[in-house]
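Visitor: with the input below, show me the fold.
(2 chains)
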Amino acid sequence: MQDQEQRSSWWQTALKSLFAWWPEFRKSKIGITGLIIVVIMTTLILGASVFASHGPFEKDISIGWGGGNRYWTSTWDNQGDVSLTDEGVAYRSNPDPSITEYHVRFQSNGSIKRSFDLSNTLEVGPHFTFQAKAVSFADGDEATCLVSADGVNWRTAAIWENGDDDGTYHLYEIDLTTDPNWRSRNYWIAFEADMSSSDANFYIDEVAVALSAPGYSIVSPKDSFEPYAKTYEAPSWEHILGTNSQSEDVWSRLLYSGQNSLMIGFVAALLITSIGSGLGLMSGYFGGLIEELVMRLADILLILPRLPLLIVLSAYLTPGPWTVIMLLTVTGWAGIARSTRAQTLSVKEHSYVEASKSVGASHIRIIVQHILPNVAGIVIAAFVMEVVVAILVESGLSFLGLGSLSHPTWGVMLHFAQTDAAFTWNAWWWIIPPGACIALLGLAFAYIGNTLNDRFVLRLGNRRKG
Amino acid sequence: MSRRWLVRRIGVAIVVLFVALLINFILPRLMPGDAADIYATAGRMTEQERMAIVQRFGLDQPLWTQFTKYIVNSFQGNFGYSFTYYPSTVMSKVVQALPWSLFLIINAMILQVIIAFILGATSAWKAGGKFDATTQALSLALWATPMFWLAMLALYFFGAQLHWFPIGGQATAAANYSSFFERIGDYYYHATLPIAVLVINQFGGYQLIMRNTMVTTIKEHYITTAEAKGVSERAVKYRHAARNAMLPMVTSVGLRFSLAVAGSIFTEMIFNYNGIGRLIFQSVQMRDYPVLQGCFFILSCSVIIANLLVDILYHRLDPRIRH
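Guide: Numbers count the residues shown, from 1 in each chain, chains lettered A, B, ... in the order given. The predicted structure follows:
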């Protein structure tokens, strides 16, 4: 063993010390359980684009053709006279609409499409009318109405941009006959909304196709086009965890929010442990002014209540994932610095360190070859625990309303569940999953960290004593 | 206890207090715009009242003068006015809320220590056994559970669904208590769920310390001696071992006080409990910076004082560290 270490270069030693925990670790049932949970959850979260049934900001709004009916008649039967029923559904003498459910997707790069079969009205010129309004359009937000006679070639019929956010409905009329293929069998109408700002909304109301030819007044389902927002829907096959107050799919939100929670937790923990252990190691090894400065700062940070401090700080700063990471790091490094310093101090006293020093080994060499392998256990275990703490603290801050809305985390989800009174709607599927995810991921990391502590850190400690 | 140690310890406390004040002083001045705008912008303030505040805090003067005035005002307990509740002062809002928070925190901490004492002693008694493994796994799981989420679930199931406990507040509104006990009973009735959530979420930390100390304590010779003498297992466990093993746990109360404070912020918010935590939540929502800073300062103070007291107590209690 000693010979091997002699032969291997210092970076190999360093690398080996980084994974020295594994043979011991795999014997622990609780540690392996934690690892399996982490792997499964991370796979689901990172593969959100595969596992999520809906997009990150997608809203599920079905269309009612009047009366809150959630179905849209997909074809018209235009034989005989056109009449409108009380419900506003266009029926002819032979009412046989094949009914399909339809979803409006208001989302980044999403669209709603709807085809009209005008096969028997070729001699009249179809016009398409609808009312629409746009609310709080920010820079870069855009919505378009597209029409097509074949479902392949689309042309823009109307466009809403930055300036069009007066918030009132306007009537739009689009002459479909300007399309060269207007005599085709199907007409397609689509709305596309590309909204980068999360509070932008685009409403469409009163959609109808008017056939404005002599002898025809208004034909077609001219009833109001009612988006039936699927708010607070209980879990179903389509939405396995139901929907929230914004008609968003909770399962998909859970996965995409998990990405942000995990990213923040991971990066913050990485920064906290590397800065904390770096400072601790330096102050332990070099001592003097550095030690005095670092340790006094750590004392102060360890006494000040962290959460109130974080709340005050984030209330003044613009929320965002990097703000949170920065704040977590600034307030969180002290504990690790203290324990790393203590460990460094005790390792420094060993005779082999003295020996290396006496043969003229450089500081870097001593730190990497002797100190680092001995503090690695503490640092790795602390890192794993710090991930849990970071995810928990971030979720707490977000829950208080100090989180980033552009990068929502599980905490942000719970914040909205609370402010939108999810429990009053008995929407347990919106409240239980995000908290359970934090708890499960936290528990898994905690099991790993605890095992590392038990099997590695304590063992090291015992060896030191003996 | 050496006097030098005490002086040094109090010195640290004062420095930390000063840092808390410094943070409060610097933060609003890092914001774009005039410091006067941040301190004196409450909607209902008249120009005269505004000028009075500017005068009092020297907001039109150089930074150094502002700082000295700020420190002087702080020591007089003057942290300005609440934006939202003007003309209420920050201090009056904070002083109203603090006792309720302390009520929750202290009750919760006592319960946590008692539970941790029993569970920790029992799990260490047969360390590595089934009970030990289960309690460790359970307390880690509860620790990793977000406090506010636990509180939401508790409120929903035990408050809204089962109606066992009130769904909010710290006392029955406009109640006429016939006796002191009735009043205390009502307070505890309202505090049951918040305290329960705090205890469940945070007892694990104490339990871990208790267990680990107990594990080393029961290896000591005097325990073997006691067993050999034929002292009953129960007596050895609690009277001989656990009593000696509880010191590190009890002294960790000081450091863990700030965790309890953090926990009470969430529970108070969920349970509409009129303590500092709820005040913080409201101030965050209304961006009532003066109150927010006042809360931060008062919480820092309580944590610093709790730390100091426990440290001094520890020094008095444990003869081993007196040198």
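Visitor: low-confidence stretches in the chain?
Guide: Reading this off chain A. A:1-8, A:10, A:14, A:17-18, A:58-142, A:148-152, A:162-171, A:176-229, A:456-466 (pLDDT under 70).
Visitor: meant chain B actually
Guide: B:1, B:32-45, B:318-323.
Visitor: ranges for the helices of it?
Guide: B:3-30, B:35-39, B:47-56, B:63-75, B:90-125, B:130-144, B:147-154, B:180-217, B:221-229, B:233-235, B:243-270, B:276-286, B:289-317 (DSSP state H).
Visitor: give the buried residues for the third one.
Guide: If I follow you right, that is helix B:47-56. B:50, B:53-54 (16 or more other C-beta atoms under 10 Å in any protein chain shown). Any C-beta I mention is one placed from the backbone N, CA and C, and that applies to glycine too.
Visitor: closest to chain A among those?
Guide: B:Ile53 (19.5 Å; C-beta to the nearest C-beta).
Visitor: closest one to A:Val39 among the helices of chain B?
Guide: Distance to A:Val39, taken as C-beta to C-beta, is lowest for helix B:130-144 among the helices of chain B, at 17.0 Å.
Visitor: other residues contacting that closest one?
Guide: A:30, A:388, A:392, A:438-439, A:441-443, A:445-447, A:450, B:119, B:122-124, B:126, B:200-205, B:207-208, B:211 (C-beta atoms under 8 Å, 6 or more residues apart in numbering or on different chains).
Visitor: quick one: that helix to helix B:180-217, angle?
Guide: 120 degrees (axes from the mean of the first three to the mean of the last three C-alpha atoms, to 10 degrees).
Visitor: show me which positions of helix B:130-144 end up buried.
Guide: Within helix B:130-144, the residues scored as buried using 16+ other C-beta under 10 Å are B:132, B:135-137, B:139-144.
Visitor: and B:Gly230, how far from B:Tyr238?
Guide: From B:Gly230 across to B:Tyr238, the span is 16 Å (C-beta to C-beta, to the nearest Å).
Visitor: neighbour count: these two, which is higher?
Guide: B:Tyr238 (16 against 7; other C-beta atoms under 10 Å in any protein chain shown).
Visitor: where does the residue of the stretch 1-150 of chain A found nearest chain B land in three-state SS?
Guide: At 6.1 Å from chain B, A:Ile30 is the closest residue in the stretch 1-150 of chain A, using C-beta to the nearest C-beta. State at A:Ile30, reduced to three classes by DSSP: H, G, I helix; E, B strand; the rest coil: helix.
Visitor: run a quick neighbour tally on it.
Guide: So A:Ile30, with other C-beta under 10 Å, has 17 neighbours.
Visitor: let me see the ranges of the helices in the stretch 351-466 of chain A.
Guide: Counting by DSSP state H, counting those that start in this stretch, the segments of the stretch 351-466 of chain A that form helices are A:351-358, A:363-366, A:372-397, A:410-419, A:428-452, A:458-465.
Visitor: right, and those - which one's nearest chain B?
Guide: Comparing the helices of the stretch 351-466 of chain A under C-beta to the nearest C-beta, the one sitting nearest is helix A:428-452, at 3.0 Å.
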